[in-house]
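Visitor: Dropping the sequence and predicted coords here.
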Amino acid sequence: MSKAKSFNLALVQLSVTANKEINLHNARNKVLQAAQNGANVVVLPECFNSPYGTQHFPQFAEPLHGQSAQALSSIARDANVYLIGGSFPERADDSAASKFYNTCTIWDPKGERIGVHRKIHLFDIDVPGKIRFQESETLSPGQSLTHITTPYGKIGIGICYDIRFPELAMIAARKGCIAMIYPGAFNMTTGPLHWELLQRARAIDNQIYVAACSPARDTGSEYVAWGHSTVVDPLGKVIATTEDAEDIVYATIEVDKIEEARRSIPVTSQRRFDVYRDVAQGVEV
Ligand SMILES: NC(=O)CCC(=O)C(=O)O
């Protein structure tokens, strides 16, 4: 934590179409624009290169070294930023029996890949009369936590539904991460109910920054994203957000604010691990 320094974060709330080439081109332009406006770390949304739907995942899936990964590498290099590359459907191998994952790749300003996060918790929900979605129809879950190291400090990564599981953020904070960043795509049912609330909860619980980056809303698509990409500070205050249209959300991440929050409301040091166990030790409670 002591090595961390302030930086400018940008969330690209991208319009995602059914055309991969257009999505990659648009992502490139928007990341370059964010960099020109001073961003050091730029985030793309969940499924930034493909429509969000189980039937689309196998068709759009690519290996970790495929077209979209190569595009992200060159975008990060050309923009000279750390790029949290949203997610894309990943094909694990060339076999007919290949598994597919919902995968976030993270790139440094030289275009080197510095992290891979496969969505751990698949979005399988059924809210009667509202929304049924079963990512597990075509995807497999990731098996590991992801914490990337940058000159600004360590950052934890989750993808969308992962935010509902507080353990990820708590473990990240306990391991010294200054922020949790979630490429995500909530919907018109759970978005208004929980999108901001979950981000604020994760931030307050752990006294870290939390950001979530959505695709722009497209009311003509089968899955309509909520939008509202947002950054929350360690006291749980929304410091930057937007509505549902394509946009870039900017925020300065002031690492001192973490220590300030922890000094004022010292829950971090008041934890009673003598009464309950430390989830950061990976102990089953
Ligand atoms: N793409 C997702 O994981 C959606 C998660 C979501 O909408 C939720 O309510 O959770």
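Guide: Here it is on my side, so go on.

Visitor: Could you pull out the buried residues of stretch 150-165?
Guide: Residues of stretch 150-165 classed as buried: 150, 152-164 (neighbour count, 16 or more other CB atoms under 10 Å). Placement of C-beta: from N, CA and C, glycine included.

Visitor: For my notes, please list these in TSV and give secondary structure, distance to Ala39 and pLDDT for each entry.
Guide: Conversion of the buried residues of stretch 150-165 to TSV gives the following (DSSP: H, G, I helix; E, B strand; the rest coil; distance: CB to CB, whole Å; pLDDT from 0 to 100):
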residue	secondary structure	distance to Ala39	pLDDT
Thr150	strand	13	97
Tyr152	coil	12	97
Gly153	strand	16	97
Lys154	strand	19	97
Ile155	strand	14	98
Gly156	strand	19	98
Ile157	strand	17	98
Gly158	coil	21	98
Ile159	coil	21	98
Cys160	helix	22	98
Tyr161	helix	26	98
Asp162	helix	23	98
Ile163	helix	22	98
Arg164	helix	28	98
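
Visitor: what are the bridge partners for the residue nearest to the spatial centre of the chain, then?
Guide: By CA atoms, centre = their mean, the chain has its centre lying nearest to Tyr182, at 2.1 Å. When bridges are called by DSSP bridges, Tyr182 pairs up with Ala212.

Visitor: Can you verify my assumption that it contacts Arg164?
Guide: No - shown here, Tyr182 and Arg164 do not form a contact pair, counting by CB atoms under 8 Å, at 10.2 Å.

Visitor: how about the nearest residue to Tyr52, chain neighbours excluded?
Guide: In space, and not counting its chain neighbours, Tyr52 is closest to Tyr223: 4.6 Å by CB to CB, 6 or more residues apart in numbering.

Visitor: who are the neighbours in contact with the one you found?
Guide: By CB atoms under 8 Å, 6 or more residues apart in numbering, the contact set of Tyr223 is Pro51, Tyr52, Gly53, Phe133, Ala185, Asn187.

Visitor: Then Val224?
Guide: Asn187, Met188, Arg217, Asp218.

Visitor: Over to Ile253?
Guide: Contacts for Ile253 were tallied using CB under 8 Å, 6+ apart; they are Ser6, Phe7, Asn8, Leu9, Val41, Tyr152, Ile178, Ala179, Tyr209, Val231.

Visitor: can you rerun that using 6 Å?
Guide: Shown in contact with Ile253 (CB atoms under 6 Å, 6 or more residues apart in numbering): Phe7, Leu9, Tyr209.

Visitor: among the contacts of Tyr223, which are in strands?
Guide: Using DSSP state E to define strands, the subset of those located there is Phe133.

Visitor: before we move on, back to that, could you pick out which of the buried residues of stretch 150-165 are near the ligand?
Guide: The subset of those within reach of the ligand, counting by CB under 6 Å from any ligand atom, consists of Cys160, Tyr161, Arg164.

Visitor: Quick check: closest non-adjacent residue to the first one.
Guide: Meaning Cys160. Take Cys160 and drop its neighbours on the chain: the residue closest to it by CB to CB, 6+ apart is Gly184, 3.6 Å away.

Visitor: Assess the claim that that neighbour and Gly158 are in contact.
Guide: No - if you go by CB atoms under 6 Å, Gly184 and Gly158 don't touch, sitting 8.5 Å apart.

Visitor: Turn the contacts of Tyr223 into JSON lines, including pLDDT, distance to the ligand and neighbour count.
Guide: Output for those, formatted as JSON lines (pLDDT from 0 to 100; distance: CB to the nearest ligand atom, whole Å; neighbours: other CB atoms under 10 Å):
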{"residue": "Pro51", "pLDDT": "95", "distance to the ligand": "12", "neighbour count": "21"}
{"residue": "Tyr52", "pLDDT": "96", "distance to the ligand": "6", "neighbour count": "26"}
{"residue": "Gly53", "pLDDT": "95", "distance to the ligand": "10", "neighbour count": "18"}
{"residue": "Phe133", "pLDDT": "96", "distance to the ligand": "7", "neighbour count": "20"}
{"residue": "Ala185", "pLDDT": "98", "distance to the ligand": "4", "neighbour count": "27"}
{"residue": "Asn187", "pLDDT": "98", "distance to the ligand": "5", "neighbour count": "21"}
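
Visitor: Asp247 pairs with what?
Guide: With DSSP bridges as the rule, Asp247 is bridged to Gln13.

Visitor: From Asn29, how far off is it?
Guide: Distance, Asp247 to Asn29, by CB to CB, to the nearest Å: 14 Å.

Visitor: Between the two, which has more neighbouring residues?
Guide: Of the pair Asp247 and Asn29, Asp247 is the one with more neighbours under other CB atoms under 10 Å, namely 19 against 13.
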